[in-house]
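**Q** Could you look at this predicted model? Sequence included:
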Amino acid sequence: MSRPEIRLQDLHPTPAELAVEVLAGLRRRPRYIPPKFFYDARGSQLFDAITQTSEYYPTRTEIAILQAHAADIAARVGTGSVLVEPGSGSCMKVRLLLEGLKPCAYVPMDISREHLRVAAEQVAAEFPWLEVHAACTDFTRQMAVPDSAPEGPRVAFFPGSSIGNFDPDGAADFLAVVAELVGPGGLLLIGVDLKKAPAVLDAAYDDTAGVTAAFNLNLLERINRELGANFDLGAWRHRAFYNADLGRVEMHLVSTRDQGVQVCGERFDFAAGESIHTENSYKYSVADFQAVARRAGFFPEAVWTDPADLFSVHLLRVAAGPAVAASGSSPSRP
Ligand code: AVJ
């Protein structure tokens, strides 16, 4: 098959940007490296492998919700929109919506350039009637729809509970950016993981096959490769647990001994047991998440959950009038 035509806008983070954020994170206490850096080519593959583990319920549960309510979602969203997906990964879930939504264009955005290109080309090949305008970008910093994309009512799709990587204030700020992106009357379809028994959460982020551990440790391999660092992969272990006080799963990389590591020519000393915090994954109740969405100028239109209340999918709308003020930003037609 010939290569399908897609447009790819490339704002991929440079090694210098990676260096700045990694060094800043390692100098802080507690040490923290943002989870967006998990997603090099191998990290994107490992994430897809996590979604196949028996312990990681969010992906299959959200897919079941989207399948069960595809007709309702399509009826509420309507056709002909510009469908924008920040953090599109392998573009798996959007496939469940495309026939019903018949968007005039699909705009997948991802930080992982080659993964994005391959995924976007596959969508274009499977849905020949669909215009695909991909944007390689760190959407936590920049979320512009490429100029090549057509005009049309915008719908944002943000599945997978990626919103959980932000703390609730950060989530409200991010949703305000999405509200501005879709404009007055615009829609957001978003997947949000729900609070549940801690044992279920602990297992989901520490699968017995060790895929999540490999995903977490791959961050150090990436830093070794791209920043010429010398992390000893054998001297770090994966740790994940639900922090009930803060309503989030935390992932850490824990040093198993006293050690020094060189990153970009700077030396970092780690004591045995000291950790680098690599991810938060906040969990919500339906009402708590709707409160966050309201702070960003969204109104809940519908919410769907699975029978076991593991996961939720929310349809949210920005008020149609010009009167919404979210985080001080004035909404404007994109
Ligand atoms: C992609 C951020 C939604 O938090 O569940 C999965 C990432 N990390 N297992 C999540 C992840 C470890 C995932 N998100």
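**A** Looks like it arrived, so ask away.
**Q** now the end-to-end length of stretch 223-234.
**A** Start and end residues of stretch 223-234 are separated by 15 Å (C-alpha to C-alpha, to the nearest Å).
**Q** which residues sit against it?
**A** Applying C-beta atoms under 8 Å, 6 or more residues apart in numbering, the external contacts of stretch 223-234 come out as 15, 18-19, 22, 37, 40, 217, 220-221, 259, 261-264. Heads up, the C-betas are built off the backbone N, CA and C, glycines and all.
**Q** Same question for stretch 43-53.
**A** By C-beta under 8 Å, 6+ apart, stretch 43-53 touches 38-39, 56, 58-60, 89-90, 112, 115, 207, 209, 211-212, 214-215, 218-219, 222.
**Q** Relative to Leu66, how far out is Pro58?
**A** 12 Å (C-beta to C-beta, to the nearest Å).
**Q** do Ser88 as well
**A** For Ser88, the distance to Leu66 - C-beta to C-beta - is 15 Å.
**Q** For those two, indicate the residue with more neighbours.
**A** A direct count of neighbours by other C-beta atoms under 10 Å for Ser88 and Leu66 places Ser88 higher, at 28 against 21.
**Q** ok, the residue of the stretch 201-334 of the chain found nearest the ligand - contacts?
**A** When scored by C-beta to the nearest ligand atom, the stretch 201-334 of the chain has Ser281 as its residue closest to the ligand, at 3.3 Å. For Ser281, the contacting residues are Ser161, Gly164, Asn165, Asp193, Tyr205, Arg248, Val249, Glu250, Met251, by C-beta under 8 Å, 6+ apart.
**Q** That one falls within a strand, correct?
**A** Yes. Judged by DSSP: H, G, I helix; E, B strand; the rest coil, Ser281 forms part of a strand.
**Q** for the contacts of stretch 223-234, which one is nearest Ala319?
**A** Set against Ala319, the nearest of the contacts of stretch 223-234 by C-beta to C-beta is Phe37 (35.5 Å).
**Q** State the phi and psi torsions of the closest one.
**A** phi -80, psi 0 (degrees, to the nearest 10).
**Q** Brilliant, that's me finished.
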